[in-house]
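In: based on what follows, work out the 3D shape:
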Amino acid sequence: MVSGKLGKDGGRNGDLFIRVKIDDNDDFKLDGFNLRTNLYLTPWEAALSTKVMVKTIDEEISVYIPSGIESGEEIRLENKGYKDGKGGRGDLILETKIMIPKNPSEKELNLFKQFKEESRFNPRNIA
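Out: Numbers count the residues shown, from 1 in each chain. Prediction:
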């Protein structure tokens, strides 16, 4: 049995306090009992909606991505976070990041050009 510091004059031993530090890893960042991670999406997934597979600390699950989601928006998966030691769990929070291909093919570039010509959307004109 482990106990704290010896008590004075034969008194009871004191309390033993242990501090545990949990480091973040490449996939998850701990925020209280919530876990945070990035969810990388293509522009077409963000625009059209989709289902994607997401790794949690226990399993891989399918998550619905609504159409029109933007970079920086969060999707909260309840009870998929870190265990609190009392039978509960935090949430897993997915922060969306919309990614553009670094080396698009000629066909992809042409599709982006077509989209540019067709679209009247301008994010700088939103009130």
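In: just give me the residue right at the centre of this structure.
Out: residue 37 (2.4 Å; CA atoms, centre = their mean).
In: so who does the residue nearest to that one when sequence neighbours are not counted touch?
Out: Spatial nearest neighbour of residue 37, chain neighbours left out: residue 28 (5.3 Å); criterion: CB to CB, 6 or more residues apart in numbering. All C-beta spots, glycine's among them, are computed from the backbone N, C-alpha and C. Counting by CB atoms under 8 Å, 6 or more residues apart in numbering, residue 28 touches 35, 36, 37, 57.
In: closest one of these to residue 84?
Out: Ranked by distance to residue 84 (CB to CB), those are led by residue 35 at 12.1 Å.
In: please identify which two of the contacts of residue 28 are farthest apart in space.
Out: Those two in these that are separated most widely, counting by CB to CB, are 36 and 57, at 12.1 Å.
In: quick one: low-confidence parts of the protein?
Out: For the chain, the stretches with pLDDT under 70 are 1-5, 7, 19-22, 24, 127.
In: quick one: residues in contact with the helix ranked longest in the chain.
Out: Counting residues, the longest helix found in the chain (DSSP state H) is helix 106-118. Helix 106-118 has contacts (CB under 8 Å, 6+ apart) with 101, 104.
In: ok now it, how far from the chain's centre?
Out: 31 Å (CA atoms, centre = their mean, to the nearest Å).
In: extract the CA atoms of it and return them as PDB.
Out: Output of helix 106-118 as PDB, limited to C-alpha atoms (Å, rounded to 0.1, in the frame of the first residue of the first chain):
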ATOM      1  CA  GLU A 106      -5.200  20.000 -65.900                       C
ATOM      2  CA  LYS A 107      -8.800  18.700 -65.800                       C
ATOM      3  CA  GLU A 108      -9.100  19.800 -62.100                       C
ATOM      4  CA  LEU A 109      -7.900  23.300 -63.100                       C
ATOM      5  CA  ASN A 110     -10.400  23.500 -65.900                       C
ATOM      6  CA  LEU A 111     -13.200  22.500 -63.600                       C
ATOM      7  CA  PHE A 112     -12.100  25.200 -61.100                       C
ATOM      8  CA  LYS A 113     -12.100  27.700 -64.000                       C
ATOM      9  CA  GLN A 114     -15.600  26.600 -65.100                       C
ATOM     10  CA  PHE A 115     -16.800  26.900 -61.500                       C
ATOM     11  CA  LYS A 116     -15.300  30.400 -61.300                       C
ATOM     12  CA  GLU A 117     -17.100  31.500 -64.500                       C
ATOM     13  CA  GLU A 118     -20.500  30.100 -63.300                       C
END
